[in-house]
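Chemist: any chance you could fold what I've pasted below:
(one chain, ligands or ions: 1)
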Amino acid sequence: GQPVCECYDCYGGPDCSELSPECAADADSGDPIFLEPFWMQTAADSSVLIPGWHRMSYRYDDYTLMSRELEYYIRKLHSIVGNAITQGRYMVFGVGSSQLLTAALYALSSENSSSPSNVLATIPYYPMYKGQTVLFNSENFEFGGDTNSWQSINSTNSIDVVEFVTSPNNPDGELKKSVLGRKTIYDHAYFWPHFTPIPGPSDQDLMIFTLSKLTGHAGARFGWAIIKDKDVYEKLLNYIMVADLGISKDTQLRVLKLLKVAIEEDGKPLFEYSYNTMRDRWDRLTSIFSKSTRFSIQKRHPFHCNFFNETRLPSPAYAWVKCEREEDQDCSAVLEAGKIKGRGGSSFSAKKRYTRLSLIKSQDDFEMLMLRLTELVSLENGNI
Ligand code: PMP
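Modeler: Numbers count the residues shown, from 1 in each chain. Here you go, the predicted model:
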């Protein structure tokens, strides 16, 4: 007989055009697919074709593991955006920023196993910091939890600490500063004009960036660290060398191609596209939440963006939702009952009363989120 075609996940009916009433909005992962349409528009300029004989060696012709041309373009991008000082700073590439987070910990932690460094972050924090620290089970560092419970230690104290500062923060989008003012790793994954006004260049000792949240190419697995101190730089480089003999040359070539497009017209086409998409999403999101007393989202305050040269509101990658009713202790369960899948507060060592909703997925995912949120808020107002 006739083959029976199956419809995509959420659709049914004879021609697959009917939205299934059971379909949930998935706002869980931070997959940055919102930038896919931009790369479709620029497909001709951003594609790479690699002949079989190209870049077979472990090393480049100058015997390094990192493409100098790519390093040049990254520095140029930072100077166009104005989000980081790179003059006189060292740079190390990694397999995503994920690899550099551990490499940085290795480089900064105590070499004395009888007093390992305490790895700290401020709640709510990105769970990978703890996950990696626990996985590597090093004698030189261990996870020490929330910075706020360490505030009483002063700088003369011999306890060694390494603090992760995520700025803007995942999950709540806040531009964070170090709480303890000791050794820091600044995770600047989201410090780009799509997500926050850029108040000025970051000039921290150790800053980590990723292609994932800049161009959206999370699958390329590319990140970089910008480092002030030569010894710290050499340790990071050594980590990458011993762990992996450097990172994929194919990836470096692809990233080079993408960044050449990213800096065209001083970054205007990319950052206007990315910012406008995020702003439109936030406009619609805030309009829904303004009708709710049961749910709230983080407050946003405008400040000056040096890149766009005007005052703007931040448009973070995630909505940090709070369930306000006393009985709604488990916010992600409440949302799940409304067919919305988010990531519960406990994933970020925060209260279950909070849930993170991702706003950087595809337009279809976002539309589904808007639909389910609208239904949930209308229910609260007795309209359904
Ligand atoms: N840091 C933060 C704060 C993140 O949210 C993420 C990704 N979700 C990463 C680092 C890791 O990103 P990648 O390894 O893709 O660079």
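Chemist: who's in contact with the residue nearest to residue 284 when sequence neighbours are not counted?
Modeler: The shortest distance from residue 284 to any non-neighbouring residue, by C-beta to C-beta, 6 or more residues apart in numbering, is to residue 370 (5.9 Å). (Each C-beta comes from the backbone N, C-alpha and C, glycine too.) Residues near residue 370 by C-beta atoms under 8 Å, 6 or more residues apart in numbering: 284-285, 288.
Chemist: ditto for residue 207
Modeler: 84, 186, 188, 225-227.
Chemist: if we can go back for a sec, wasn't the residue nearest to residue 284 part of a helix?
Modeler: Yes - using DSSP: H, G, I helix; E, B strand; the rest coil, the secondary structure at residue 370 is a helix.
Chemist: state the distance from it to residue 20.
Modeler: Remark: distance between residue 370 and residue 20 (C-beta to C-beta, to the nearest Å) = 17 Å.
Chemist: can you give me the domain boundaries for this structure?
Modeler: As given by automatic domain parsing, the domain ranges for the chain are 11-39+280-380, 56-266.
Chemist: whether the longest one contacts the ligand - can you check?
Modeler: Meaning domain 56-266. Yes - with C-beta under 6 Å from any ligand atom as the measure, domain 56-266 is seen reaching the ligand through 96-98, 126, 166, 170, 187, 189, 210, 212, 218, 223.
Chemist: which of these fall within strands?
Modeler: Residues of these located in strands (DSSP state E): 166, 187, 210, 223.
Chemist: give me the neighbour count for the closest residue to the ligand within the chain.
Modeler: Proximity of the chain to the ligand (C-beta to the nearest ligand atom) peaks at residue 96, 2.7 Å away. The tally of other residues near residue 96 (other C-beta atoms under 10 Å) stands at 19.
Chemist: how about the one 10 residues further on?
Modeler: A count of neighbours around residue 106, defined by other C-beta under 10 Å, yields 18.
Chemist: next up, the contacts around the closest residue to residue 201 other than its chain neighbours.
Modeler: In space, residue 201 comes closest to residue 85 once its chain neighbours are excluded; the distance is 4.9 Å by C-beta to C-beta, 6+ apart. Applying C-beta under 8 Å, 6+ apart, one finds that residue 85 lies in contact with 78, 201-203, 226.
Chemist: picking that back up, now, the contacts of residue 370 that are in helices?
Modeler: When DSSP state H defines the helices, the subset of the contacts of residue 370 inside them is 284-285, 288.
Chemist: out of those residues, who has the most neighbours?
Modeler: Greatest neighbour count in the ones in helices among the contacts of residue 370, by other C-beta under 10 Å, goes to residue 285: 20 neighbours.
Chemist: surely it touches residue 358?
Modeler: No - counting by C-beta atoms under 8 Å, residue 358 is not a contact partner of residue 285; they are 11.6 Å apart.
Chemist: CA atoms only: put the helix or strand harbouring residue 73 into PDB for me.
Modeler: Element membership of residue 73 [criterion: DSSP states H and E] is helix 68-81. Only the C-alpha atoms of helix 68-81 are listed here, as PDB (Å, rounded to 0.1, in the frame of the first residue of the first chain):
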ATOM      1  CA  ARG A  68      47.900  33.300  13.800                       C
ATOM      2  CA  GLU A  69      45.500  34.700  11.300                       C
ATOM      3  CA  LEU A  70      42.600  33.500  13.400                       C
ATOM      4  CA  GLU A  71      44.200  35.100  16.500                       C
ATOM      5  CA  TYR A  72      44.500  38.400  14.500                       C
ATOM      6  CA  TYR A  73      40.800  38.300  13.600                       C
ATOM      7  CA  ILE A  74      39.700  37.600  17.200                       C
ATOM      8  CA  ARG A  75      41.700  40.600  18.400                       C
ATOM      9  CA  LYS A  76      40.200  42.700  15.700                       C
ATOM     10  CA  LEU A  77      36.700  41.600  16.600                       C
ATOM     11  CA  HIS A  78      37.300  42.600  20.300                       C
ATOM     12  CA  SER A  79      38.500  46.000  19.300                       C
ATOM     13  CA  ILE A  80      35.500  46.500  17.000                       C
ATOM     14  CA  VAL A  81      33.000  45.400  19.700                       C
END
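Chemist: if we go by neighbour counts, what in it is buried?
Modeler: By neighbour count on 16 or more other C-beta atoms under 10 Å, the buried set for helix 68-81 is 70-71, 73-78, 80-81.
Chemist: show me the shaky parts of the stretch 1-150 of the chain.
Modeler: For the stretch 1-150 of the chain, the stretches with pLDDT under 70 are 1-4.
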